[in-house]
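# build me a model from this:
(4 chains)
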There are 4 protein chains.
Amino acid sequence: MRIGVLTAGGDCPGLNAVIRALVRTAHSEFDSPVLGFQDGWSGLVHDRAVPLFDDEGIDRILLRGGTILGTGRLNPDTLRSSLPEIRQTLDRHAIDALVAIGGDGTLKAARWLTENGIPVVGVPKTIDNDVGGTDYTFGFDTAVSIASDAIDRLHTTAESHERVMLVEVMGRHAGWIALHAGLASGAHMIVIPEVPFDIDYVCKVMSRRFQMGEAYGICVVAEGATPVEGSGMTLREGGTDQFGHEVFTGVADQMAAAISERMNRDVRTTVLGHIQRGGTPTAYDRVLATRFGVHAARAVHRGDFGQIVALRGESIEMVPVEDAVAVLKTVPEDRYREAACLFG
Amino acid sequence: MRIGVLTAGGDCPGLNAVIRALVRTAHSEFDSPVLGFQDGWSGLVHDRAVPLFDDEGIDRILLRGGTILGTGRLNPDTLRSSLPEIRQTLDRHAIDALVAIGGDGTLKAARWLTENGIPVVGVPKTIDNDVGGTDYTFGFDTAVSIASDAIDRLHTTAESHERVMLVEVMGRHAGWIALHAGLASGAHMIVIPEVPFDIDYVCKVMSRRFQMGEAYGICVVAEGATPVEGSGMTLREGGTDQFGHEVFTGVADQMAAAISERMNRDVRTTVLGHIQRGGTPTAYDRVLATRFGVHAARAVHRGDFGQIVALRGESIEMVPVEDAVAVLKTVPEDRYREAACLFG
Amino acid sequence: MRIGVLTAGGDCPGLNAVIRALVRTAHSEFDSPVLGFQDGWSGLVHDRAVPLFDDEGIDRILLRGGTILGTGRLNPDTLRSSLPEIRQTLDRHAIDALVAIGGDGTLKAARWLTENGIPVVGVPKTIDNDVGGTDYTFGFDTAVSIASDAIDRLHTTAESHERVMLVEVMGRHAGWIALHAGLASGAHMIVIPEVPFDIDYVCKVMSRRFQMGEAYGICVVAEGATPVEGSGMTLREGGTDQFGHEVFTGVADQMAAAISERMNRDVRTTVLGHIQRGGTPTAYDRVLATRFGVHAARAVHRGDFGQIVALRGESIEMVPVEDAVAVLKTVPEDRYREAACLFG
Amino acid sequence: MRIGVLTAGGDCPGLNAVIRALVRTAHSEFDSPVLGFQDGWSGLVHDRAVPLFDDEGIDRILLRGGTILGTGRLNPDTLRSSLPEIRQTLDRHAIDALVAIGGDGTLKAARWLTENGIPVVGVPKTIDNDVGGTDYTFGFDTAVSIASDAIDRLHTTAESHERVMLVEVMGRHAGWIALHAGLASGAHMIVIPEVPFDIDYVCKVMSRRFQMGEAYGICVVAEGATPVEGSGMTLREGGTDQFGHEVFTGVADQMAAAISERMNRDVRTTVLGHIQRGGTPTAYDRVLATRFGVHAARAVHRGDFGQIVALRGESIEMVPVEDAVAVLKTVPEDRYREAACLFG
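Next up, the predicted model:
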């Protein structure tokens, strides 16, 4: 069998580890050649292919962030209307099956293509850990590690200057990174999209710390956090300054202004941004991504198409795409309550 | 309720995170004071107790390796014969229940004490990840990270000098650290206690690399690895040199000598040793250990004695001690085969 | 002799290492007790003192970021008018001499106090490395390490998404952090306050990369960078959005907008912010700060007042305060040209 | 001008950073092509050459440990007798000058070749920091960082188990790594080759700690440390066990046995070994190595042959080879005394 592989969506530490393990396993277990398509689905439509040999070059990418194949965002309509081109590309290279590594959209596309006669195995990829069907996704542990290292550093600065500090981390719809990074770094408050925040309660938790004689407070905020309705704070989405330039103020910066006003105290914000999704994966993510790659190769050879590889407890299992994409996996209430007993 | 806590056995990154979360949760959810006993079980027998307040001091230990309570090895007979002293200590401090953080022996003691009227909740601790009943134990991820960071560094040295390098990691009875560190760092061969090694096969894998034009080879060896019977290599246990001094040659050093002779090549060994079990835990281990601490506090208040906290998928659940200690959790054959498709 | 010590100005990794080495050396070499004053100079004026014993507690702070004494900003006028209170505090505790750890303002105060009969040894502290008289200051290496780790991570993200990325680092008046972090992380362009930038030239360097087939470009920008006069870009200092909220757009964000417009390409900014100045110091900074502390204790006992400890080549020497504060130490032209041969 | 480059001796983090900066500067400032010779001097003798283009490939090696050119040990006699072959190789490729990156032997060879009509610029390389003429050499900061990270981890293990721990680091003739890693990690004793140790004094320092109520002690030992003559301990060089196998017991292991006997206490040893010299260089080393590479390219074009690039304070200067190799740069007495005030 000849296998094609592509990576789609935002980059994520571990993508290269999946590609490496797929290529090496395809070769060592099945003697299958693997062809990579560049820049996500568009490489498949426009036939930008590179052979991936099982050699020293592929072996080295294990530690490298990003994806050697490049990536791109998927427009589902474009994909559907490009079925003939995709078929031509696959025929031209005699590809028997695809492995598609990506998020929600990519996994849905994997199913749709399978239903339309193009066999695809999906590998879930989301740094936010919000895909269902799998306990964890690779890249998440790396993001949490980077964020908690950064928060560790902020503790001493906040303390030396007797400040409240807010740290904005990734997570537009799910608060997993905020939850885990906050737990790992001993944050005094964690704010996630799943539980709208009351700015007065945040102030109360921070104030109580100063009353107890502590010198500072740290609050981790997911970028998608929103204030509870009817509270004294609303979020503004965007804006324009008096010079006519667009300005964007994130949720943490808006919270900082509100807290500073209420507490009459120096409040600072750090927005971690892009550093959370790049660079060498943690050992955990390299192991998980490698196992996903090994099992994706095996799934192709077993014919488990329209399914994704998933971590369940200690095992890698195959799961129907529907289980992964039906609903966004958000932080359940009991996980937040678990963290909340350590607030303050 | 008043809770006592102790840590027993070898130290392990995350012990302090468990203690911190236990103290904070006991205080915030149940208003329960916590008393620590020093140096493992002997602190309970000899009443060396320290109060653990929910203050800044306890909050700071999250990142600290080791255990603020000190630790000690348990002699089961001593424990059994010390029941009266233990009862006296608990009565003296009006302790209602214990949380015992430790390995196999400690968890068995937790059950035995519960059966003898002293209610104990167990928290499994093993850097080797070989306790049953839980997907992972804290400390393991840190050990794997340290080992794979070290192996990452050895790659470039081995390559520049065109060497075979052996890295000995912890794991006397179970090869989990070797397996995961080897996967994470792209080792070319992994040798674990569960699968006796054939030294000629190890040489064959390494030789094939040089024949393929690669400049080096890295083999990760668990300290408890043994040669397959009937092969050309036997392990010697210990020795004495001509000066009368005891000498100990580990399995990796013995393998290195055998490989060097067979391959006629420069082979070097690195024994990682104690650095694998100390220092700041990874974010993953801090989250896991914190969750164990939160749930240990809750288990005490629910009365789930004679049980241990355990990670099952994404949840923390209570598991009977029997499930944890019945058999050593070793690397199953399919996990080793998963890794083996990346050898060479 | 009895010694007082204080830390002033912004926090900086290594402050605690200086305090520790001062206390331990004062004790071991001179049997001198040390008293710490809290929150910078105000602790001296208002007599907030803590004894610093040479014990396990002080030994542990070596790795801890921030300062156990707290810090504060100095108002020189307040200091001058508070001479009587300072004298009273020193008399009350029978302090013979002070060690003042801080930046420009603190070192000037050290000289002024010495001239007014209060003997002070200065220890230069600036994360920006812009104090004269010393090759390097502690904290700088840590800031450079954190920044270059972050930039390492951005490389793979920028490449996978084919982007230009700007990274804003600390350095209001001197570009040392940008220069060293840019060199260390292989940035394709470095912009520092000492050399006003031409936005069209920055675009040209980045465009050339894409023309040569590279997929991305990274530009490190010191927060104090300014456009060259007469170029097509001016910096706006601050602003107000249409909701009446103050908004601040840093130089990197303003450059990103300008580059994006000129190159018609996705340009992203990461502002590293506070994480650059907190947390555990690098080994280099721990050594340098420790040596500063040892020599500060010795300087007090030799009577080298009105002077600062300084690194010159491999040696720690005493330097008059004038040499340190006469002019800000900025990046000389030849150092920038050295970096510039690696641009693009 | 056409430039040849080679790396010789043991590998060292930063070698690739020198090569990269040399190639890029030669290209950007002088339009000079660079040719690499493989496996040290033997690549020059046997003409194993690879062109080094100023492209993405060379740009990427900045963070990579080891050397892309491979390395080899130099036999000075071989080199001298191979002058004709070297001349042929250089003629064949029309190489005008060489850059030789290596230790003592390589720098001497650089001078000898220059005297014999083959112009060479030397770049000093020694992880041990024992080359004269330069304040520091690249690789040293990385080795110190790795060692002090490891020792940081051992602190908590030693403390939890109430042990004395010895850590053996590199340094056969000079104790720089032991000195700096010991200072950076707060070791309680440092033993270096320059100052023969008295085992009874080491025991005294450690015992005093336990008497003062501390729970543990850490001693950093350079591999080349030797006992003072006439003390109660002698070093044995090597040995053979009763099975006829050669055994080697390092100085730290021998000290551990002696201390354990004298103090009647659990003493453990960790030998850091090869991990100290591999992997990604620290930011400090990447900056230093990059600057060495830039200046090596310029030195070639200025014709500064028979000289080496060297760090003097903040500047890179040219220094005659004689200054670098005349005597081994060892730790001076005052540097050791500086550290000694923090012992115990």
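# residue numbers of the stretch 1-150 of chain A in contact with chain C?
A:10-11, A:15, A:64-67, A:70-71, A:146, A:149-150 (Cβ under 8 Å from any Cβ of the partner chain). The C-beta positions use only the backbone N, C-alpha and C, and glycine is treated the same way.
# strands of chain A, start to end?
A:3-7, A:34-37, A:49-52, A:97-102, A:120-124, A:164-169, A:189-191, A:217-222, A:239-240, A:246-247, A:267-271, A:307-312, A:315-320 (DSSP state E).
# dump those into JSON lines; add mean pLDDT as well.
Converted to JSON lines, these look like this (pLDDT from 0 to 100):
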{"stretch": "strand A:3-7", "mean pLDDT": "98"}
{"stretch": "strand A:34-37", "mean pLDDT": "98"}
{"stretch": "strand A:49-52", "mean pLDDT": "97"}
{"stretch": "strand A:97-102", "mean pLDDT": "98"}
{"stretch": "strand A:120-124", "mean pLDDT": "98"}
{"stretch": "strand A:164-169", "mean pLDDT": "98"}
{"stretch": "strand A:189-191", "mean pLDDT": "98"}
{"stretch": "strand A:217-222", "mean pLDDT": "98"}
{"stretch": "strand A:239-240", "mean pLDDT": "88"}
{"stretch": "strand A:246-247", "mean pLDDT": "86"}
{"stretch": "strand A:267-271", "mean pLDDT": "96"}
{"stretch": "strand A:307-312", "mean pLDDT": "97"}
{"stretch": "strand A:315-320", "mean pLDDT": "96"}
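# would you mind giving the ones you listed as TSV with distance to chain B and mean neighbour count added?
Formatted as TSV, the strands of chain A follow (distance: least, Cβ to the nearest Cβ, whole Å; neighbours: other Cβ atoms under 10 Å in any protein chain shown):
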stretch	distance to chain B	mean neighbour count
strand A:3-7	15	27
strand A:34-37	14	24
strand A:49-52	15	16
strand A:97-102	15	27
strand A:120-124	15	30
strand A:164-169	12	28
strand A:189-191	12	27
strand A:217-222	11	29
strand A:239-240	35	16
strand A:246-247	33	14
strand A:267-271	17	22
strand A:307-312	7	25
strand A:315-320	8	17
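# let's have those strands in TSV, adding distance to B:M318.
Shown next, in TSV, are the strands of chain A (distance: least, Cβ to Cβ, whole Å):
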stretch	distance to B:M318
strand A:3-7	40
strand A:34-37	45
strand A:49-52	46
strand A:97-102	37
strand A:120-124	30
strand A:164-169	31
strand A:189-191	25
strand A:217-222	29
strand A:239-240	51
strand A:246-247	51
strand A:267-271	38
strand A:307-312	20
strand A:315-320	22
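# picking up where we left off before, who wins for neighbours among the residues of the stretch 1-150 of chain A next to chain C?
Counting neighbours by other Cβ atoms under 10 Å in any protein chain shown, A:L15 leads these with 31 neighbours.
# so who does the residue nearest to it when sequence neighbours are not counted touch?
Leaving aside its sequence neighbours, A:L15 sits nearest to A:T67 (Cβ to Cβ, 6 or more residues apart in numbering or on different chains; 4.0 Å). Contact analysis of A:T67 by Cβ atoms under 8 Å, 6 or more residues apart in numbering or on different chains lists A:7, A:11, A:15-16, A:19, C:160.
# same deal with A:G70?
A:7, A:38-40, A:43, C:160, C:162, C:215.
# give me that answer again for 7 Å
A:38-39, C:160 (Cβ atoms under 7 Å, 6 or more residues apart in numbering or on different chains).
# if we can go back for a sec, which one of the strands of chain A lies closest to A:E85?
Nearest of those to A:E85, taken as Cβ to Cβ: strand A:34-37 at 11.9 Å.
# now find how far off-centre the closest one is within its chain.
23 Å (Cα atoms, centre = their mean, to the nearest Å).
# show me what that strand is packed up against.
Applying 3 or more Cβ pairs under 7 Å, 6 or more residues apart in numbering or on different chains; DSSP states H and E, we find strand A:34-37 packed against strand A:3-7, helix A:15-30, strand A:49-52.
# format the CA atom coordinates belonging to it as PDB.
What follows is strand A:34-37, C-alpha atoms only, in PDB (Å, rounded to 0.1, in the frame of the first residue of the first chain):
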ATOM      1  CA  VAL A  34       4.700   7.400   2.300                       C
ATOM      2  CA  LEU A  35       4.200  10.600   0.300                       C
ATOM      3  CA  GLY A  36       3.700  13.900   2.100                       C
ATOM      4  CA  PHE A  37       1.300  16.600   0.700                       C
END
